[in-house]
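# Let me see the structure of the following:
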Amino acid sequence: MTSISHHFASLRASNQCALIPFVVAGDPNLEITAEALRVLDSSGADLIELGVPYSDPLADGPVIQAAATRALKRGTRLDNVLQMVQTVTPHLRSPIILFTYYNPILNLGTISFLEKAAASGIKGLVVPDLPLDEASNLLEVADTVGIEVTLLVTPTSSKERIEAIARQSRGFIYLVSVTGVTGVRSHLQTRVKDVLQDIRSVTNKPIGVGFGISKSEQARQVRDWGADAVIVGSAFVERLVESTPYQGLGAIKDFCRDLKTSIEGRTEEAESRR
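You can find the predicted model right below:
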């Protein structure tokens, strides 16, 4: 499994926009989560974002909050999430990006957490409640163990803030497509297109767009706006817990394939902006 940066470089070389599905670890249980990672890896995912359940997920909408609550009630914790990941990553092509709030990291200790995460095969890290101004220590230690910490830009970020985040973000830059929490949206803010261009004007690093994307046409729209990756969360989380685990795995398999098909290729307009 390659690094996040190298994986994006390969995708760019073949002119591909990446698909990054998101699932919550431990929902409905860690055994199904492990199987979900395998299913997504073989069904078109280019990278996979794995959420660590947390009791106060400020950036998460109702679907992911409910999934995290169910996982916590079943005893899912950061340590056993990493243990599960370690059993799966040797068999995956897609790099795993861990999405976790900062408190679980502090509870384990930053160095201990990063060493365990690296040993488990984690390649990337997103910490939504860690501001840029307090991220330097985590970034420095993560660099030493080979984990790339990706920082977030929002539609309200100033040009100066975007420049600072672009300098520090590793792997890629995560552009939040909505003002607010995660969740399914009927349409995307056109402001996202402008922010994409603002980011592109200050860096050549890959840009992934997430939050609110749930349909093939939205994924294509983000691709055509010039994104390097489309990140889809709540729509996968909902499908995975449909009816029986077998049906849920089948649902995310079909959805992943549909999304990947929808974002394959690029329009001439999108190419001219890259």
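# Please tell me how far Val23 sits from Phe99.
Look at Val23 and Phe99: by Cβ to Cβ, to the nearest Å, they are 10 Å apart. The C-beta positions use only the backbone N, C-alpha and C, and glycine is treated the same way.
# And Pro90, by the same measure?
Pro90 sits 21 Å away from Phe99, going by Cβ to Cβ.
# Which residue of the two possesses the greater neighbour count?
Phe99 (27 against 8; other Cβ atoms under 10 Å).
# From what I see, that one and Gly51 are in contact.
Yes. Phe99 lies in contact with Gly51 (Cβ atoms under 8 Å); the separation is 4.5 Å.
# Could you tell me which residues touch both of the two?
Phe22 (Cβ atoms under 8 Å, 6 or more residues apart in numbering).
# okay, and for this structure, where does confidence drop off?
Applying pLDDT under 70 to the chain flags residues 1, 57, 59, 178-189, 265-274.
# which outside residues touch the longest strand along the chain?
Criterion DSSP state E: the longest strand present in the chain is strand 18-24. By Cβ under 8 Å, 6+ apart, the residues outside strand 18-24 that reach it are 7-8, 11, 33, 36-37, 40, 44-51, 53, 64, 67-68, 71, 97, 99, 206, 208, 210, 219, 228-233, 236-237, 240, 252, 256, 259-260, 263.
# That one pairs with which strands, and in what direction?
strand 48-51 (parallel), strand 229-232 (parallel) (DSSP bridges).
# quick one: the strands in this protein?
Going by DSSP E, the chain shows strands at 18-24, 48-51, 96-99, 124-126, 148-150, 152-153, 173-176, 207-210, 229-232.
# Reformat these as JSON lines; add distance to Tyr246.
Output for the strands of the chain, formatted as JSON lines (distance: least, Cβ to Cβ, whole Å):
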{"stretch": "strand 18-24", "distance to Tyr246": "16"}
{"stretch": "strand 48-51", "distance to Tyr246": "20"}
{"stretch": "strand 96-99", "distance to Tyr246": "23"}
{"stretch": "strand 124-126", "distance to Tyr246": "29"}
{"stretch": "strand 148-150", "distance to Tyr246": "33"}
{"stretch": "strand 152-153", "distance to Tyr246": "35"}
{"stretch": "strand 173-176", "distance to Tyr246": "32"}
{"stretch": "strand 207-210", "distance to Tyr246": "28"}
{"stretch": "strand 229-232", "distance to Tyr246": "22"}
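# what's the closest non-adjacent residue to Leu19?
Sequence neighbours aside, Lys260 is the residue nearest to Leu19 in space, at 5.0 Å (criterion: Cβ to Cβ, 6 or more residues apart in numbering).
# got it, and Asn29?
Leaving aside its sequence neighbours, Asn29 sits nearest to Arg74 (Cβ to Cβ, 6+ apart; 6.1 Å).
# So that neighbour is in contact with Gly26, correct?
Yes. Between Arg74 and Gly26 there is a contact under Cβ under 8 Å: 6.0 Å.
# Which of these two has more residues huddled nearby?
Gly26 (26 against 13).
# got a list of what the closest residue to Val230 other than its chain neighbours touches?
Spatial nearest neighbour of Val230, excluding adjacent residues (Cβ to Cβ, 6+ apart): Ala219 at 4.6 Å. Shown in contact with Ala219 (Cβ under 8 Å, 6+ apart): 19, 213, 230, 232, 259, 262-263.
# and of these, the nearest to Val81?
Val232 (20.4 Å; Cβ to Cβ).
# Ala68 versus that closest one, what's the distance?
17 Å.
# rewinding a little: test my guess that the residue nearest to Leu19 contacts Ser43.
Yes. In this structure, Lys260 is within contact of Ser43 by Cβ under 8 Å, at 7.4 Å.
# Got phi/psi on Trp225?
Per-residue torsions, Trp225: phi -70, psi -10 (degrees, to the nearest 10).
# State the number of residues packed around Phe172.
Per other Cβ under 10 Å, the neighbour tally for Phe172 reads 26.
# do you know how far the nearest residue to it once chain neighbours are set aside is from Asp224?
Among residues not flanking Phe172 along the chain, Pro206 sits closest, at 3.9 Å (Cβ to Cβ, 6+ apart). As judged by Cβ to Cβ, Pro206 and Asp224 stand 16 Å apart.
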